[in-house]
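Novice: give the three-dimensional model of this entry:
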Amino acid sequence: MNTIHIYTDGASRGNPGKAAWAYAFFKEGENIPFIKDSGYIGTATNNYAEYTAVIKALEKALESGYKNIVLHSDSKLLVSQLLGLYRVKSENIKPLYRKAKKLLDKFESYKVVHESRTHPFIKIVDKMCNETLDEI
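Specialist: Numbering: from 1, shown residues only. Model prediction:
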């Protein structure tokens, strides 16, 4: 069972404001991502950008044939919502939440983990988001 670790981040300059998403895939015990991507989504809230990052990452993982994942995010709200600890109140986030849950259910196994903003792999995806926004 090859489990991959997916680190995601979303960023918004202003809330809402110019927003970006990023993800990076890591193999167990390795420090360099083997798949990574980021993009600009226009004007959005930070939470919208966080969910976009998760959805893009999960779609890529499924497309790449991965069956077992650990999803890492520094968004306590997103992680708590995906774990069913908090409800999703925002109407524009509800469809993203439902899509993320449907994608998660396609994996044989998954875990969702909250990480500190200081985690080295979270710093990588945070930097990717900022680089994307700097280009705009």
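Novice: hey, where'd the helices end up in this protein?
Specialist: 46-63, 76-82, 94-104, 120-135 (DSSP state H).
Novice: can you mark which positions in the second one are buried?
Specialist: Within helix 76-82, the residues that count as buried by 16 or more other Cβ atoms under 10 Å are 77-79, 81-82. Yep, even glycine has a C-beta here, placed from its N, CA and C like the rest.
Novice: could you give the mean pLDDT of that helix?
Specialist: In this model, helix 76-82 carries a mean pLDDT of 98.
Novice: sorry, back to before: tabulate the helices of the chain (CSV), appending distance to residue 33.
Specialist: Output for the helices of the chain, formatted as CSV (distance: least, Cβ to Cβ, whole Å):
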stretch, distance to residue 33
helix 46-63, 11
helix 76-82, 20
helix 94-104, 20
helix 120-135, 7
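Novice: of the ones you listed, which is nearest residue 7?
Specialist: helix 120-135 (4.4 Å; Cβ to Cβ).
Novice: chain center to the closest one: distance?
Specialist: 12 Å (Cα atoms, centre = their mean, to the nearest Å).
Novice: average pLDDT for stretch 9-23?
Specialist: Rounded mean pLDDT across stretch 9-23 is 96.
Novice: try stretch 95-102
Specialist: 98.
Novice: just the helices of the chain: most buried one?
Specialist: helix 46-63 (a mean of 22; mean count of other Cβ atoms under 10 Å).
Novice: got the CA coordinates for that helix in CSV?
Specialist: Written as CSV, here are the backbone C-alpha positions of helix 46-63 (Å, rounded to 0.1, in the frame of the first residue of the first chain):
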residue,chain,number,x,y,z
ASN,A,46,-9.0,32.4,1.3
ASN,A,47,-11.3,29.5,2.2
TYR,A,48,-12.3,29.2,-1.5
ALA,A,49,-8.7,29.1,-2.5
GLU,A,50,-8.0,26.4,0.2
TYR,A,51,-10.8,24.2,-1.2
THR,A,52,-9.7,24.7,-4.8
ALA,A,53,-6.2,23.5,-3.8
VAL,A,54,-7.6,20.4,-2.2
ILE,A,55,-9.9,19.6,-5.2
LYS,A,56,-7.1,20.1,-7.8
ALA,A,57,-4.8,17.9,-5.7
LEU,A,58,-7.4,15.1,-5.3
GLU,A,59,-8.2,15.2,-9.0
LYS,A,60,-4.5,14.8,-9.8
ALA,A,61,-4.0,12.0,-7.4
LEU,A,62,-7.0,10.1,-8.8
GLU,A,63,-5.9,10.8,-12.4
